[in-house]
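Student: Any chance you can model this:
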Amino acid sequence: MVTTAAPPALVPAGAPAGESPLRRRFTVAEYQQMGEAGIFAPDERVELLAGEIFRMAALGIRHGKCVDELTERIILQLGIAVRVRTQGSFYLADGSQPEPDVLVLRRQADNYGKLLPKPEDVLLLIEVSDTTLAHDRKLKLPLYAAAGIAEVWIVNLVEEVIEVYTAPVAGSYTSGRIVQRGESLTPVALPDLVLAVTDVLL
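Tutor: Predicted coordinates for the structure are as follows:
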């Protein structure tokens, strides 16, 4: 019987044996340049998180309906007192430009026509989560906390509840609670907004 030795493991040039190659992370400026250069397909949904580019999940019917209901009810109750951005991006940090499902923003004179909103502009951030629940909890939520986003809701379509996170300290939310059907929600920074969980979960 003829035996052959296993081929040697390939090591990137310049990387010491036994060490993993380093990832190439991108800044927001580089990410925007890639978009302007047409690197992403016109209908491709992507977002930049901690320097890495992620493809976003396709929007399901229930997910879309939930986003529509949230947007409509917020606008009906608050009117032009705030700026509501639906599935649009904002500048979170030098390596992150996420696209949450709903952003409730402070109004600006130009309505963010020249610069992306920043964390200090965000009054409420909402993620609607079904297939992305683990991703939103484990990756996006800590990034939001680290940037000082004061309040984040995860509309958890899997477990039929809304998760509310507030009081970010050192990259973590120090206060969290679960709100269920039959209850209502009012964001800390938006006392005039009252949303019934049943109306949101549908």
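Student: What residues sit buried inside stretch 57-76?
Tutor: If you call a residue buried by 16 or more other C-beta atoms under 10 Å, then stretch 57-76 has these buried ones: 63, 66-67, 69-71, 73-75. Quick note: C-beta positions are derived from backbone N, CA and C, even for glycine.
Student: Off-centre distance for the longest helix belonging to the chain?
Tutor: Secondary structure of the chain read by DSSP state H shows that its longest helix is helix 61-78. Once both centres are worked out by C-alpha atoms, centre = their mean, to the nearest Å, helix 61-78 turns out to sit 17 Å from its chain's centre.
Student: With stretch 124-137 instead?
Tutor: For stretch 124-137, the distance to the chain centre is 7 Å (C-alpha atoms, centre = their mean).
Student: Can you report the mean pLDDT over the residues of it?
Tutor: The average pLDDT within stretch 124-137 is 96.
Student: List the buried residues for it?
Tutor: For stretch 124-137, the neighbour count (16+ other C-beta under 10 Å) marks 124-130, 132-133, 135-137 as buried.
Student: Any idea how far apart the tips of that stretch sit?
Tutor: Chord length of stretch 124-137, first to last residue, is 16 Å (C-alpha to C-alpha, to the nearest Å).
Student: who touches it?
Tutor: Applying C-beta atoms under 8 Å, 6 or more residues apart in numbering, the contact partners of stretch 124-137 are 54, 56-57, 60, 62-63, 66-67, 70, 100-104, 140, 144, 149, 151-158, 187, 189-190.
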